[in-house]
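# quick check, what structure comes out for this input:
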Amino acid sequence: MRRRLHTGVDAADLPTVAEWLTGWLAGRRTIKRNTVRSYEAHIRLHLIPHLGPIRIDRLRPGHITDLIDAIWRSQTTNPAGQGQPGPRDSG
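Numbering: from 1, shown residues only. Okay, here's the model as predicted:
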């Protein structure tokens with residue numbers, strides 16, 4: 001109720017993470033083509049499968065932790081990792 005009063009948007013009308021990410025990426029006009037491709041791949045391969053159905057206002061730090069853990073597990077069980085470094089390898 002408080003969210004509706006402050007934003008004028010009914011909480012039930014808020015997008016899922018998948019909807020928000022898709023719209024966000026479509027709105028990027030000033031980034032290079034390869035960057036868009038990279039973002040699209042990360043969104044499609046990792047973010048949407050793990051976080052996509054969650055309504056944006058329900059997203060919590062634990063969801064992000066679970067996502068990172070899932071990516072980490074997939075990278076350690078599949079060392080080829082589809083050619084992408086794991087989140088803890090980028091340092």
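# so where's the protein uncertain?
In the predicted model of the chain, residues 1-9, 79-91 satisfy pLDDT under 70.
# the helices in this structure, which residues?
2-7, 17-26, 33-42, 48-51, 61-77 (DSSP state H).
# pick the most deeply packed of those helices.
Most buried of these by mean neighbour count (mean count of other Cβ atoms under 10 Å) is helix 48-51; its value is a mean of 17. Every C-beta, even on glycine, is put in place using the N, C-alpha and C of the backbone.
# list the contacts of it.
Val17, Ala18, Leu21, Leu59, His63, Ile64, Asp66, Leu67, Ala70 (Cβ atoms under 8 Å, 6 or more residues apart in numbering).
# and of the residues you listed, the nearest to Tyr39?
Proximity of the contacts of helix 48-51 to Tyr39 (Cβ to Cβ) peaks at Leu21, which lies at 8.9 Å.
# which residue packs closest to the closest one, ignoring adjacent ones?
Ile43 (5.0 Å; Cβ to Cβ, 6 or more residues apart in numbering).
# what about the one you found, how many neighbours?
The tally of other residues near Ile43 (other Cβ atoms under 10 Å) stands at 19.
# against Thr77, how distant is it?
Separation of Ile43 from Thr77 (Cβ to Cβ, to the nearest Å) stands at 22 Å.
# distance of the most centrally placed residue in the chain from Asp10?
In the chain, the centroid-proximal residue (Cα atoms, centre = their mean) is Leu47; its distance is 3.3 Å. Per Cβ to Cβ, Leu47 is found 25 Å from Asp10.
# cool, and Ile56?
Here the criterion is Cβ to Cβ. By it, Ile56 lies 13 Å from Asp10.
# so for these two, which sits in the more crowded spot?
Neighbour count, other Cβ under 10 Å: between Ile56 and Asp10, Ile56 has more, with 15 against 10.
# that one against Asp13, yeah?
No: at 10.8 Å, Ile56 and Asp13 do not qualify as touching, with contact defined as Cβ atoms under 8 Å.
# and stretch 39-53, end to end?
Using Cα to Cα, to the nearest Å, one end of stretch 39-53 lies 19 Å from the other.
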